[in-house]
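Enquirer: Pasting a predicted model and its sequence here:
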Amino acid sequence: MLRKQITLVLLVALIAFAGCTKNDQANAAPAAKITVTFAGTEGAASTQSMMMQSVADVLNADGRFDAKVLVAGALSGDTNALVTQAKMGVPLVVPSDPGRLSSQFNIPDMGILMAPYILTDPAVLEKLPDTELFKTWSSQLEKEGLYLIADMYNGFRNFYTTRKVVHVEDLAGMRIRGFGNAIGNGLAKYLGFANIAIGFGEVFPAIQQKTLDGTEVQVSAAAPNSFWEVTPYIAITKHFMLQTAFVCSTRLLDGMDESARNFFLTTIRQKAVEYGKKGQEMEDGYYQQMVDGGCEITEVDIKEFQDAVQPLYDNNELGFSPNLKENLFKQLGL
């Protein structure tokens, strides 16, 4: 009799426990999603912006993230300001570039990735994250509160101007929008133009209003913004191999569990490779858009432009460490 009573009590307790567990599960609040915004300055049709939208789509489909994309300067037209917000802990992923980051956080050697005529083959960027130099620069940025996620090919930069450029001397006296950092100023110094550092969104109207004579930019940004309407000439100088360096706050990553963090980082890195290759494939089409819009493309003697900027390196005006180029090339297997 006693055994039956004990069995009955246990059965009632199990039923009660099961009911409580079911009720607790029903009443439990769903886990908060990880909020992140991808914020850039290029237009929605650029490969950089398309890459960020693709990443956001994958993250949102996963269910653990609430990812948004703001492009064309919707959050800010100043890349450095966006990076600063990320550094302060705002949950942003920001597309900057190695040259900007080098100047903004005083890491001179990192600027070699964007220095004129140093890297000229997009394929090397797949090897870059495995180099000791890249790891060193990443560690330096982490001390600033930023995490360097990936480096994506974003096109060679050329001159888009209101007057035809064939030789270096043709740039003399022109007001050209360029990078407002050491590499941008160094290029301008030795090619003879005035470097005007304004937000990308201001470039089109400035050329239209004749306060600028042109810009140096990649075709994946120029064509989607209809630059053929204001710059009838393109000189294919390929002076910078532009890379998009995606950074986010270390605080954002620290707030993720290991699984979500790995998924987040892996997705961005995979899409950076994918869209870097797509960017290369799309370039011919973009150039054709510019020609169809009325642009004249000039194939210049690139060696003439390389020779013109060589004093920048002979005088070490960018402050690179001794043998930096040789070390970088060795680590890249070049």
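Expert: Arrived safely. Numbers count the residues shown, from 1 in each chain.
Enquirer: so where's the protein uncertain?
Expert: 1-30 (pLDDT under 70).
Enquirer: what residue lies at the spatial centre of it?
Expert: In the chain, the centroid-proximal residue (Cα atoms, centre = their mean) is Thr244; its distance is 2.6 Å.
Enquirer: Could you identify the helix or strand that succeeds the helix or strand that one falls within?
Expert: If you go by DSSP states H and E, Thr244 is part of strand 233-249. Next in sequence after strand 233-249, counting helices and strands by DSSP H and E, comes helix 250-254.
Enquirer: Now do that following helix: distance to the chain's middle.
Expert: Offset of helix 250-254 from its chain centre (Cα atoms, centre = their mean, to the nearest Å): 19 Å.
Enquirer: just stretch 153-165 next, same as before
Expert: 19 Å.
Enquirer: which helices and strands does the longest helix belonging to the chain pack with?
Expert: Of all segments of type helix in the chain, defined using DSSP state H, the longest is helix 258-292. Judged by 3 or more Cβ pairs under 8 Å, 6 or more residues apart in numbering; DSSP states H and E, helix 258-292 is in contact with strand 34-39, helix 47-62, strand 146-161, helix 219-222, strand 233-249, helix 250-254, strand 296-298. For the C-beta atoms, the positions are set from N, CA and C on the backbone; glycine is no exception.
Enquirer: and Pro129, which of the ones you listed is closest to it?
Expert: Smallest distance to Pro129 across those (Cβ to Cβ): 7.1 Å, for strand 146-161.
Enquirer: Do I have it right that Ala44 meets Ala74?
Expert: No - with contact defined as Cβ atoms under 8 Å, Ala44 does not count as touching Ala74 (9.6 Å).
Enquirer: And the helices in the stretch 1-150 of the chain, which stretches?
Expert: Assigned by DSSP state H, counting those that start in this stretch, the stretch 1-150 of the chain shows helices spanning 2-27, 47-62, 79-87, 98-104, 132-142.
Enquirer: Buried residues of the third one, list them for me.
Expert: Of the residues in helix 79-87, those buried by neighbour count under the rule 16 or more other Cβ atoms under 10 Å are Thr79, Asn80, Leu82, Val83, Thr84, Gln85, Ala86, Lys87.
Enquirer: Pipe those into a markdown table and attach distance to Lys278 per row.
Expert: Below are the buried residues of helix 79-87 laid out as a markdown table (distance: Cβ to Cβ, whole Å):
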| residue | distance to Lys278 |
| --- | --- |
| Thr79 | 22 |
| Asn80 | 27 |
| Leu82 | 24 |
| Val83 | 25 |
| Thr84 | 30 |
| Gln85 | 28 |
| Ala86 | 25 |
| Lys87 | 29 |
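Enquirer: Looking at those, which is nearest Asn225?
Expert: Set against Asn225, the nearest of those by Cβ to Cβ is Thr79 (16.2 Å).
Enquirer: Verify the stated contact: the closest one with Ser96.
Expert: Yes - counting by Cβ under 8 Å, Ser96 is a contact partner of Thr79 at 5.4 Å.
Enquirer: Span of stretch 244-257 from start to end?
Expert: 26 Å (Cα to Cα, to the nearest Å).
Enquirer: Sorry, wrong one. I was asking about stretch 78-94.
Expert: Terminal residues of stretch 78-94 lie 11 Å apart, using Cα to Cα.
Enquirer: what does it rub up against?
Expert: For stretch 78-94, the external contacting residues (Cβ atoms under 8 Å, 6 or more residues apart in numbering) are 34-41, 52, 55, 75-76, 95-96, 100-101, 104, 144-146, 149, 199, 246-249, 251-252, 268.
Enquirer: roughly how far apart are the closest residue to Ala235 other than its chain neighbours and Ala188?
Expert: Once flanking residues are discounted, Ala235 sits nearest to Val165: 3.9 Å by Cβ to Cβ, 6 or more residues apart in numbering. Taking Cβ to Cβ, to the nearest Å as the measure, Val165 falls 14 Å from Ala188.
Enquirer: More neighbours: which of the two?
Expert: More neighbours surround Val165 than the other of Val165 and Ala188, with 26 against 20 (other Cβ atoms under 10 Å).
Enquirer: Met51 is in contact with Ala272, correct?
Expert: Yes - assessed by Cβ under 8 Å, Ala272 is found in contact with Met51 at 6.7 Å.
Enquirer: Quick check: neighbours shared by these two?
Expert: Joint contacts of Ala272 and Met51 (Cβ under 8 Å, 6+ apart) are Met152, Thr244.
Enquirer: List the buried residues of the helix or strand where Pro311 lies.
Expert: Using DSSP H and E, Pro311 sits in helix 302-314. Neighbour-count burial for helix 302-314 flags Phe305, Ala308, Val309, Leu312, Tyr313 (criterion: 16+ other Cβ under 10 Å).
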